[in-house]
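Visitor: For reference, the sequence and a predicted model appear below.
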Amino acid sequence: MSRAFARILVCLAFCAPAAAQDVKKEIERYRQMVNDGSPAELFELEGEALWKKPQGPKQVSLEKCDLGLGPGVLKGAYAALPRYFKDADRVMDLETRLLHCMVNLQGRSREEATKRVFGNADRPSEMESLSAYVAAQSRGMKMAPGESHPKEKAAYELGKALYFQRAGSWDFACTSCHGEEGRRIRLQELPVLLNPANARSVAASWPAYRISTSGFVTMQWRMNNCYQQMRMPEPAFGSDATVALIQFITVTGKGEVYRGPGNKR
Amino acid sequence: MAGPMKMRAMLAGGNTEVRVLMTHPMTTAQSGQPLHFIQNVTVKLNGRAVIEAEVSQAVSRNPVFSFRLKGGAKGDKVEVAWLDNKGESNKIETAVA
């Protein structure tokens, strides 16, 4: 066997994984470079203004909105979501709870408040800016979603079941993409969210500013967009299904120190 | 009306490290929309211009700039202002921490 041939054999065995490692390292380096100084902070400023702005038929602000730790308490509220809310008798994530406050506190109709929950670069949505503002108040705190109430447990189980549920014209489930370690779409890794290590970094970094689209993206958007990519019917904003998936991911990733809202690719 | 700006200026090893965030669409010629981008960025330290930068369309939307100023002391005033091709502008001032 020629030496060159032997080298090719060695290369076949080792070079491809090494290249993948390099790519991963380079992506990590890029992430670190853009880590400091995220335009997410600009969304936080907008969100703060919206939080304090009187709106709706009742012309009140969201400052008395109870995100789980008491009316108006923002510090650490995001890190303790999703959770069960007695007044609504259901588990809610941040956006679902914000919508609840818009309806119940500000007197707005659900239709009006959900008319445009996902924005774009030219016109971000109210929900996106508010999510940035609230989530930022949990920086440095451990993610500890509610998991003791029976409905919180049920939401986790439902989310886990939905993660595996194949449906739609392509017969896709979350696991079709996020079910096997090492899969990517282009350079974007597809984390297997059953693995706590992967779920932890997701729980700790969403919502976030997305550099490629210059917009702010939220967890409800992520669920909505994944369903769209799976060619399934669009889930309703803040539905039990999307909340359950967020509950499942966050509980799986609990314990990680929240470091968002930052940048995503 | 121009969207918010945010700035941080900190002493680090005898220099002042400044990081500033700007809200701007930075629309390029390729987008098919009217050109709209920041052309000039001016940095002042205690009222004296220390950087006069020309910015091109190649800079991203909602740009982030980081730079280091020689020297500086706690409480010094850093001002960053931008001017775009439509004549719109915005500025922010902060004290060095």
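Guide: Received it, and whenever you're ready, just let me know what you need.
Visitor: what about the residue positioned nearest the centre of chain B, which SS state?
Guide: Relative to the mean C-alpha position of chain B, the nearest C-alpha, by CA atoms, centre = their mean, is the one of residue B:80, at 4.7 Å. Remark: residue B:80 carries the secondary structure label strand [criterion: DSSP: H, G, I helix; E, B strand; the rest coil].
Visitor: Is it bridged to anything, and to what?
Guide: Counting by DSSP bridges, residue B:80 is bridged to residue B:43, residue B:92.
Visitor: residues touching it, list them.
Guide: With contacts defined as CB atoms under 8 Å, 6 or more residues apart in numbering or on different chains, residue B:80 is in contact with B:5, B:7, B:18, B:20, B:41, B:42, B:43, B:44, B:65, B:91, B:92. Just so you know, the C-beta spots here come from the backbone N, C-alpha and C atoms, and that holds for glycine as well.
Visitor: Tell me the one of those nearest residue A:58?
Guide: residue B:5 (32.3 Å; CB to CB).
Visitor: Measure how buried the nearest residue to that closest one once chain neighbours are set aside is and give me the count.
Guide: In space, residue B:5 comes closest to residue B:92 once its chain neighbours are excluded; the distance is 4.2 Å by CB to CB, 6 or more residues apart in numbering or on different chains. Residue B:92 has 16 neighbours, counted by other CB atoms under 10 Å in any protein chain shown.
Visitor: what about residue B:92, distance to chain A?
Guide: 11 Å (CB to the nearest CB, to the nearest Å).
Visitor: Check for me that residue B:16 belongs to a strand.
Guide: Yes - under three-state DSSP, residue B:16 falls within a strand.
Visitor: burial of the nearest residue to it once chain neighbours are set aside, as a residue count?
Guide: Beyond its immediate neighbours in the sequence, the residue positioned closest to residue B:16 (CB to CB, 6+ apart) is residue B:72, lying 3.3 Å away. A total of 22 residues lie near residue B:72 under the criterion other CB under 10 Å.
Visitor: what residue of chain B is the furthest out?
Guide: No residue in chain B has its C-alpha farther from the mean C-alpha position than residue B:32, which lies at 26.0 Å (CA atoms, centre = their mean).
Visitor: so how far is residue B:39 from it?
Guide: In this structure, residue B:32 lies at 20 Å from residue B:39, with CB to CB, to the nearest Å as the measure.
Visitor: what's the answer for residue B:3, then?
Guide: When distances are taken as CB to CB, residue B:3 and residue B:39 turn out to be 17 Å apart.
Visitor: Likewise for residue A:264?
Guide: 29 Å.
Visitor: With residue B:47 instead?
Guide: For residue B:47, the distance to residue B:39 (CB to CB) stands at 22 Å.
Visitor: Among those two, which residue is more densely surrounded?
Guide: Just comparing residue B:47 and residue B:39: by other CB under 10 Å the higher neighbour count belongs to residue B:39, 15 against 7.
Visitor: residue contacts, the more buried one?
Guide: B:54, B:55, B:83, B:84, B:85.
Visitor: out of those residues, who's nearest residue A:215?
Guide: residue B:84 (20.4 Å).
Visitor: Can you name the residues of the stretch 101-250 of chain A that neighbour chain B?
Guide: Of all the residues in the stretch 101-250 of chain A, those in contact range of chain B (CB under 8 Å from any CB of the partner chain) are A:121, A:122, A:209, A:211, A:214.
Visitor: In PyMOL, how would I select the buried members of the contacts of residue B:80?
Guide: Buried residues among the contacts of residue B:80 (16 or more other CB atoms under 10 Å in any protein chain shown), as a PyMOL selection:
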select buried, chain B and resi 5+7+18+20+41+42+43+44+65+92
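Visitor: can you redo the contacts of residue B:80 as JSON lines with pLDDT and distance to residue A:221?
Guide: Putting those into JSON lines (pLDDT from 0 to 100; distance: CB to CB, whole Å) gives the following:
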{"residue": "B:5", "pLDDT": "93", "distance to residue A:221": "26"}
{"residue": "B:7", "pLDDT": "94", "distance to residue A:221": "29"}
{"residue": "B:18", "pLDDT": "94", "distance to residue A:221": "33"}
{"residue": "B:20", "pLDDT": "95", "distance to residue A:221": "28"}
{"residue": "B:41", "pLDDT": "96", "distance to residue A:221": "32"}
{"residue": "B:42", "pLDDT": "97", "distance to residue A:221": "37"}
{"residue": "B:43", "pLDDT": "96", "distance to residue A:221": "36"}
{"residue": "B:44", "pLDDT": "95", "distance to residue A:221": "39"}
{"residue": "B:65", "pLDDT": "93", "distance to residue A:221": "28"}
{"residue": "B:91", "pLDDT": "96", "distance to residue A:221": "33"}
{"residue": "B:92", "pLDDT": "96", "distance to residue A:221": "29"}
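Visitor: any chance of the contacts of residue B:80 in CSV, plus distance to residue A:56?
Guide: Formatted as CSV, those follow (distance: CB to CB, whole Å):
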residue, distance to residue A:56
B:5, 29
B:7, 33
B:18, 40
B:20, 35
B:41, 39
B:42, 41
B:43, 42
B:44, 42
B:65, 38
B:91, 34
B:92, 31
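Visitor: Report pLDDT for residue A:162.
Guide: The model reports residue A:162 with a pLDDT of 97.
Visitor: That one belongs to a helix?
Guide: Yes - residue assignment for residue A:162, taken from three-state DSSP, places it within a helix.
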